[in-house]
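Undergrad: Task: produce atomic coordinates for the following.
(chains A, B, C and D)
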Amino acid sequence: MRYGYYPGCSLTNAARPYEISTRAIAGELGLAFDEVEDWNCCGATEYMSLNKTAAYALIGRNLALAAQSGMRELVAPCSACYLNLRKTDHYMKKYKPLGKVTNQALAAGGLHYEPGSLVVRHLLDVIVKDVGYDAISAKVTRPLTGLRVAPYYGCLIVRPDFNGGSSEDTEYPTHLDHLMEALGAEVVDFPLKTHCCGGHMTQISADTAYELIRRLLQNAAEYQADLLVTLCPMCQLNLDAYQSQVNRHFGTDFNLPILYFTQMIGLAMGLEPKELAIGQEIVSAASALRKIGTVEEIEETAQARRKRDDKSLPMPRIREG
Amino acid sequence: MTDGGAPTTEKGKLALYWAASCGGCEIAVLGIDDKILKVAEAFDIVFWPCVMDGKVRDIEKMPDKSIDLCLFNGAIRTSEQEYMAQLLRQKSEVLVAFGSCAAEGCIPALANLNTREEIFQTAYHDTPSTDNPDGIRPQTETEVAEGILHLPMFYNTVKTLGQSVDVDYYLPGCPPEADRIWDAIVAILTGQLPAPGSVIGAQTTVCDTCPRTRNEKKIKEFKRTWEIIPDPETCLLEQGLVCCGIATRAGCEALCPTVGSPCIGCYGPNDGVVDFGARMMTALASVIDSQDPDEIDRIIQEGIPDPIGSFYRFGLANSLLRRKSLAGNGYSRMAETA
Amino acid sequence: MTESDFEPKIVGFLCNWCSYRAADLAGTARMKYEPNVRIIRVMCSGRVDPTFVLKALSLGADGVMLAGCHPGECHYIEQNYKTIRRFKMLKHTLRALGIEEERVRLQWASAGEGALLASAINEMVDQVRKLGPLHWSGNWMDDEGAQEAIQALPSEHAEAMEVPA
Amino acid sequence: MTEKVGVYICHCGTNIAGPVDVAEVARWAKENLKGVALARDYRFMCSSLGQEIIQEDIKNEGLTRVVVAACSPHLHEKTFRSACSKMGLNPYLTQMASIREQVSWVTEDRAAATEKAKMMVAGAVRRVQLQVELQPTEVPVNPNTLVVGGGIAGIQASLELADAGYHVFMVEREPSIGGHMAQFDKTFPTLDCAACILTPKMSDVGLHENIELLSYAEVESVSGYVGSFDVRVRKKARYIIEDACTGCGICIEKCPKKVVDEVFEVGLGYRKAVYRPFPQAVPKFPVIDKETCIYFERGTCKACEKFCPTEAIDFEQTDSYVDLNVGNIIMATGYDLFDCTKIPQYGYGRLANVFTNLEFERLCNAAGPTEGRIVLRDGVTEPKSIGIIHCVGSRDKNYHPYCSAVCCMSALKFGHLAMEKTGAEVYSFYIDMRPLHKNYEEFYDRLLQEGMHFIRGRVAEVTDAARLPGEEGKIIIQAEDTLIGKQRRIPVDMVVLLGALQPRFDAKETGLKFGVSAGLDGWFTERHPKLDPVATMTDGVFIAGTCQGPKDIPDSVTQGAAAAARVQGMIAKGTVLIEPIVASIEEARCSGCRICNNLCPFNAIEYLEDKEVSYINAALCKGCGTCVAACPAQAISGAHFTNDQIFAEMEGLLYDVIGSNGATAKSPQPVLEPA
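TA: Below you'll find the predicted structure:
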């Protein structure tokens, strides 16, 4: 199955592990991705609210490029990119004037996009729909048995639901739950699965963001989840990178690793954590993953990557049994 | 029309003509075997270009209505054929549209899916067997040393006989079955005729004479004849084959369906039917076994790739719309003349 | 008639229970819409025989609108599903004859959807106006010079010389 | 054609005469349309004076056809038909042109309006000349009636008819009649107990000499037509010999198998494998549930049989069939409750202490699984706070757009019962409060007095994810309070979801069986929403209660009574007229291709094996014309809507173009020199 592929900025930077793990499992799942030539930023979550026209043109350019190169389905792993691309396609179609204005802008660059000519899909949707749970569980060589995972969708993938975009229950999605079950993991019925991760609030009003993040970690912890599985770079970043701040801020001691669902699939398919860029997360997944017997490799990778300001000496290795 | 040539003491006059058609009808006339002698007893044959020499101007000189019966086969495709139709109309007491071409256009009328231009292009240029370096095409007038040569004008649209002159009776079939021909001749000789302008034939359809067993119909997909080997007992339509027997006038004794080949409708529509194709369309559509618009579309698109060929193989010229639109064929749509 | 002041003539077949009542409602609500659609009442859209549409077009209508109850809402339970099938089949054929999509339209309108019907009519009239007259019979009008060619034949025959035996 | 057509153009005051030049239309019709003997315009054609004009002309001018160009035929077709038939002109020889609804009211430009009016008149004139006399047929009405469904609506209808002295067959799917009302505890707004008012009616039905109760039975097939329906009923095997059973209940006592009661106790309570849904069940006979009975599972046990004093147990029993002939049918098939798991964010099925309205009814009910104690799932703890959520699945375009009509009032009822029994704090989350019947608003006031909390706003989610102090261990209801414009989180012990009323899962098939159509939402469609609310498109089949749409007990009872009244009317008259607008098959032309055979949802078309032709039963035909349009041999014709009539109307409507259209033009004959 071939798809157009729009990585978006995050996957080339903060969310490298998402990109790496996606690429790592793609072949095995029979997915082939053609990256859109010369793609540009999707405007993230803010731009739309600052200058609509410009934002639509910005996103429209990517759609135009993709359609131009003959792609029919465009896959975006990042929820923000997915939402923006889908929204633009949808509104250009629904509101003819908007479509016109946007295309006028694109015309300046010698481009044109016919709304509806592309189907924008999220990576998760592609994996559960086109590959399918059965095909995936068939490939599982290292079942995630005993691992309690909290499936965390975030807000962007399911809402707003542009004419069946997510093809999911927008209020209470379950694709990720089922996927994790297919990998053998123990899935907790995570009530906050679609609640806000704080988004870019971390930059605007940290306290608000911390509170939102705390709720998620708090609840996941109450459900004794070993880790949260996410499908959005923003969510991963907030929950992972700000976990220590949150702990400092509230005097809590959450230690919940945040991994991408693609990394989980990779693990279950028996890939080496290194290949999946596991270990690059800030809250180490090592202890959590000890449950599925991949502890050594991970501790090494975890060791290998030390923060620049880390002056501490290496901990003595405790061999068990 | 008057009593349509009642039996007379002295022989009546019979004319036969062959316009745009394959000639099968000419042979079909002989299909009545020795009965042809009875015809000879009843009539003097005054005009039959296919089998005997004769001159049009001789016909032109005959008094009007002096021919008792004219069996006219073939559709009207050229100015000459139209002229002959008009001439024989004028000279004949009873004019019979003999066979599918004259009655409803038949295969020649499928040319109504194209324009004269397209047809010439194919016939005098595109076909691989054509060697025509100068791209010469038929002209209505050609200057030669001896003077001007005339060719009939080739029409854009094939007409039925009825569309160019008044026809007394229609005898459908491609060609008409021998028995039906004889029935008609007898009817004409004895004057036991239906209302002028009507068909001499049955009032029901092929199914009536088809030996196959019929049940309620539900069609999930239409099949092409080469796709299945039909069950010998049951209705072909129920097996997915587009069989026109349901809408086609009885008269052939269901020859084709009987031997496992679906009816293609050569006997034309049943009495009182305005448009044969419409009957087929509505009947087939009615029994498509789906309520999902997309599936319905698929069933139709895949099952009936050539709707005109399937529904108007014999009746295009005689159908309500007669031909494919000329607009977009280099012809600007003629503006209405108020 | 020139394209500019061309006013399409459209025949509408409306089912007695939903779409005709929708037309009633559009009236009682005084919704103004294009006068180009002339309505024929049938008990059910299932009564609309493809022949009607072909007949209308051949008579000189520029378009035909079929209207009925929404699928699943038919007052005869499920007859409008047959309408869908026939409509699709008919369109399949009309396409092959080169008749533009917009000229024959199937419109669902429940008894409460007067506004919907009105706007559908406006939309269709607008589309057909853009397409220009259908004037179908123009397609088989006598070719230029045909009459002359016919008229010429008798004299040609007269001129033709008798071949000596 | 030598018909003398009279054309009458109505001014309708200025309604038509304003935008349309009526005089011009009349003049034009007289001068241009073939067959028009006279054309008049008048201020109000529907007035008695207007009608007299027509009648005079029929008498003096000998009109044979009448065209009235006025309002929609849906308003005055009957008027003018009867006016003409009074003068001996068959009503089907008249035709209307709707130049008000379709012209004057919707057209701006006067010229265009006048032009369109002319064309429509032309259409009517052309058509009317081809119309033929039609006579309705008269059939007798069998006084017996079938009532489908033994809920309160069906019960009411049956008793009304039976008391009036007519015989009723009542078919009920469940082992006992009573319907949903039997599950309720109290009824709003009077709070009298449902059982107290329902059970007497139930036993009346059971004992009534004129009512034959077929419980634990379903209608298998319906054929025939108004006045004489043939109905086949399947009586499901009870494994109890009804004649022998005294209903003593020993079998139930002795049965060792206990199973969850998914139907009557909506999964909250238990019953035996041989059971009676509830003590006051009518009929009193129990039913052995084949699925769970030990004997049917393992082939041993038969405890019930051993202890039955009257040997009424019969494990060999099989389904039996009863054939009935009835003149009329009343459908009161009721509703299903919305499946609340469909809205996962409300937690039903995930969070133990989220209940549905029916479950809560059972909790309140003294005869219910908890003897009326309102407790949490654990079965002991009383809730200190309860949240009631309205419009679960209704007024929500994702599920049902309609309002379920009863939820607001049951919320108030629940609130009262909960506070009375547990003293809990009760919060109601509503979109709009709709207490719109007699004494309902007063009940609302009463609950406000009693201190029930009302929060106006749709609930976002019901979660156990505690966030704020005081939320631990509670269920939190998150909603926007639109009255104060704030998000609120209310922690409660128990949540009650007021699930929508929705059509029975098998409503569609049932509808097909009885020839009753349903709207998009699935509720059965009445003949007219205002003026004919209990009749349906199928003569002789009536609908009552919630199968027609959400409604409360008073409304259901009203409809039950109304339906019964309609049926009595039919019986009293003794005969019924059947519309002559029907399809018929010309046998000589029918080749028996059987295309039409499965096109009729009313089963009016049958295939005569002997003659090998199809045949239409005029009494069953509703005149939709679908088969007419389908017949490939054109052997079927539809009275009053024949092809010729419709073609003629079309030619009239296109009067202005046909002139300029050479559809049938033939080339002129050439001039040949004379022979």
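
Undergrad: next structured bit after the host helix or strand of D:Asp230?
TA: Applying DSSP states H and E as the criterion places D:Asp230 in strand D:228-235. Following strand D:228-235 in sequence order, the next helix or strand is helix D:250-254 (DSSP H and E).

Undergrad: mind checking how far that following helix is from the chain centre?
TA: Relative to the chain's own centre, helix D:250-254 is displaced by 41 Å; criterion: Cα atoms, centre = their mean, to the nearest Å.

Undergrad: The strand holding D:Asp230: partners in the sheet, and parallel or antiparallel?
TA: Take DSSP bridges as the rule and strand D:228-235 pairs in its sheet with strand D:217-225 (antiparallel), strand D:320-326 (antiparallel).

Undergrad: Check those strands for me and report the most buried one.
TA: strand D:217-225 (a mean of 19; mean count of other Cβ atoms under 10 Å in any protein chain shown). Any C-beta I mention is one placed from the backbone N, CA and C, and that applies to glycine too.

Undergrad: who touches that one?
TA: Contacts to strand D:217-225, defined as Cβ atoms under 8 Å, 6 or more residues apart in numbering or on different chains, come from residues D:139, D:146, D:148, D:171-173, D:229-236, D:321-322, D:325, D:329, D:513-515, D:539-540, D:578, D:603, D:617, D:619-620.

Undergrad: do stretch D:345-357 and chain A meet at all?
TA: Yes. Using Cβ under 8 Å from any Cβ of the partner chain, stretch D:345-357 reaches chain A at D:345, D:350.

Undergrad: residues of that stretch that come out buried?
TA: Neighbour-count burial for stretch D:345-357 flags D:345-348, D:350-351, D:353-357 (criterion: 16 or more other Cβ atoms under 10 Å in any protein chain shown).

Undergrad: same question, stretch B:147-162
TA: B:150, B:152-162.

Undergrad: Any chance of a markdown table for these, columns pLDDT?
TA: What follows is the buried residues of stretch B:147-162, written out as a markdown table (pLDDT from 0 to 100):
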| residue | pLDDT |
| --- | --- |
| B:His150 | 86 |
| B:Pro152 | 93 |
| B:Met153 | 94 |
| B:Phe154 | 95 |
| B:Tyr155 | 94 |
| B:Asn156 | 94 |
| B:Thr157 | 95 |
| B:Val158 | 96 |
| B:Lys159 | 96 |
| B:Thr160 | 97 |
| B:Leu161 | 97 |
| B:Gly162 | 95 |
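
Undergrad: These into a markdown table, with extra columns for distance to chain A?
TA: Below are those laid out as a markdown table (distance: Cβ to the nearest Cβ, whole Å):
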| residue | distance to chain A |
| --- | --- |
| B:His150 | 55 |
| B:Pro152 | 51 |
| B:Met153 | 47 |
| B:Phe154 | 44 |
| B:Tyr155 | 43 |
| B:Asn156 | 38 |
| B:Thr157 | 39 |
| B:Val158 | 42 |
| B:Lys159 | 45 |
| B:Thr160 | 46 |
| B:Leu161 | 51 |
| B:Gly162 | 49 |
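
Undergrad: How far off centre is stretch C:113-121?
TA: The answer for stretch C:113-121 is 18 Å, by Cα atoms, centre = their mean.

Undergrad: Give the rounded mean pLDDT of stretch D:440-460.
TA: What stretch D:440-460 shows for mean pLDDT is 96.

Undergrad: And stretch D:521-528, by the same measure?
TA: Here the average pLDDT along stretch D:521-528 is 89.

Undergrad: Kindly check the end-to-end length of it for me.
TA: With Cα to Cα, to the nearest Å applied, stretch D:521-528 spans 17 Å between its terminal residues.

Undergrad: Helix, strand, or coil at B:Thr122?
TA: helix (DSSP: H, G, I helix; E, B strand; the rest coil).

Undergrad: ok, residues contacting stretch D:611-622?
TA: By Cβ under 8 Å, 6+ apart, stretch D:611-622 touches C:76, D:137, D:139, D:224-226, D:537-538, D:578, D:582-585, D:587, D:590-592, D:594, D:596-597, D:600, D:602-608, D:627, D:636.

Undergrad: Contacts only, for the residue in the stretch 401-550 of chain D positioned nearest to chain B.
TA: Going by Cβ to the nearest Cβ, chain B is nearest to D:Lys508 of the stretch 401-550 of chain D, at 11.8 Å. Neighbouring residues of D:Lys508 by Cβ under 8 Å, 6+ apart: D:518, D:522.

Undergrad: Point me to the helix or strand that includes it.
TA: Judged by DSSP H and E, D:Lys508 forms part of helix D:507-514.

Undergrad: could you give the angle of that helix to strand D:228-235?
TA: 130 degrees (axes from the mean of the first three to the mean of the last three Cα atoms, to 10 degrees).

Undergrad: List the buried residues of helix D:507-514.
TA: D:507-508, D:510-514.

Undergrad: Same check on stretch D:299-310?
TA: Those buried within stretch D:299-310 under the rule 16+ other Cβ under 10 Å are D:301, D:303-305, D:308.

Undergrad: same question, stretch A:131-142
TA: In stretch A:131-142, counting by 16+ other Cβ under 10 Å, buried: A:131, A:133, A:136, A:139-140, A:142.

Undergrad: Please apply the same query to stretch A:9-27.
TA: A:9-11, A:14-15, A:17-26.

Undergrad: how long is it from one end to the other?
TA: Stretch A:9-27 has an end-to-end distance of 23 Å (Cα to Cα).

Undergrad: hmm, who's touching it?
TA: Here stretch A:9-27 has contacts from A:7, A:32-33, A:41-42, A:44, A:77-78, A:80-81, A:123, A:233-234, A:236-237, A:260, A:262-263, A:265-266, A:269, A:271, A:275-278, A:280-281, using Cβ under 8 Å, 6+ apart.

Undergrad: and the buried residues of stretch D:299-310, which of them are in helices?
TA: Counting by DSSP state H, the buried residues of stretch D:299-310 place D:303-305 in helices.

Undergrad: Contact partners for B:Pro176?
TA: Per Cβ under 8 Å, 6+ apart, neighbours of B:Pro176: B:25, B:28, B:98-99, B:184, B:251.

Undergrad: Which of those residues fall in strands?
TA: Residues of the contacts of B:Pro176 located in strands (DSSP state E): B:Phe98.

Undergrad: Reformat the contacts of B:Pro176 as CSV; add pLDDT.
TA: Output for the contacts of B:Pro176, formatted as CSV (pLDDT from 0 to 100):
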residue, pLDDT
B:Cys25, 95
B:Ala28, 94
B:Phe98, 97
B:Gly99, 97
B:Ala184, 92
B:Gly251, 94
